[in-house]
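Participant: kindly generate the corresponding structure for this input.
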Amino acid sequence: MTRFFLITTFLFTSFLCFAQKTLVTTSTSKSFYTAKPDDPEAIYFTPENFGFNADGKDDVSEALQKAINQVKTQYNFGIVFIPEGKYLISKTIYVPQAVRLIGYGKKKPSDRRRDSGDFNKVSTNRFSHYFIAPDAVTVIPVVYDLARSNSLIEAFPGKPLFATDEYLKRTVRFNVGSEGYLSDPKIFAEKDEFSSTTDSDGNVYVADGQIYGYNSEGKQIGEIELPERPSTIVFSRD
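Facilitator: Got it, this is the predicted structure:
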């Protein structure tokens, strides 16, 4: 049987860097700096200063990196002030130590990687390129818009696959087609944080603070309390 390994993804926001295709926008909460702060030694990331459009369509990755580098070059430390707006970032942004990014405007800035409706779309994308393992049997699809990988999950055509939507902290059930494509996403459980696994009876176990067990229909059947927050779950063969 051909085996497919799917790289599971979950959403991640970091203060130190932004990864591919992040949309920095505004939330509904109030900003601490509702007006432009007056700091003569700060760098202001504005269209006038760095030549971009804050409309969420133009990629501002290079412009933002330039602004950050300018702080480091001129002062070695300092602040980049970012006004309220929508910023499309498609590349990793490196923020050195002692450089801070601070937003201002009527609404509080926030950064988000893929919203709640995009996880299923990304997961069911029909990839067209693969990595072939030396055994000439195992294939790993090249998945677009990968946020970051948490673990490899073995998937079999005709059997369900359970994946983690970390943004909404839930488990999503997918069907696996004969060619390895995922389809028909359905919410399986309103818990999950990092990963899940199944046992020989078809029960599903998810890591979300504790380990929660569900039967194949999505009904919770148990809970395993742990002293530390679990990330990856595996069953031994014994």
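
Participant: which element is the residue nearest to residue 224 when sequence neighbours are not counted on?
Facilitator: Distances taken as Cβ to Cβ, 6 or more residues apart in numbering put residue 211 closest to residue 224, at 4.1 Å, once the chain neighbours are dropped. In short, each C-beta sits where N, CA and C put it, glycine included. Assigned by DSSP states H and E, residue 211 belongs to strand 210-214.

Participant: do the same with residue 74
Facilitator: Assigned by DSSP H and E, residue 74 belongs to helix 61-75.

Participant: counting by contacts, list what that helix packs against.
Facilitator: If contacts are counted by 3 or more Cβ pairs under 8 Å, 6 or more residues apart in numbering; DSSP states H and E, helix 61-75 sits against strand 43-44, helix 47-50, strand 78-83, strand 86-89, strand 99-104.

Participant: figure out which of these is closest to residue 228.
Facilitator: Residue 228 sits nearest to strand 99-104 of all those, at 31.3 Å, using Cβ to Cβ.

Participant: now what about that closest one, what contacts it?
Facilitator: For strand 99-104, contacts defined as Cβ atoms under 8 Å, 6 or more residues apart in numbering pick out 15, 31, 33-37, 68, 71-72, 77-84, 95, 109.

Participant: list the buried ones in it?
Facilitator: Buried residues in strand 99-104, defined by neighbour count with 16 or more other Cβ atoms under 10 Å: 99, 101, 103, 104.
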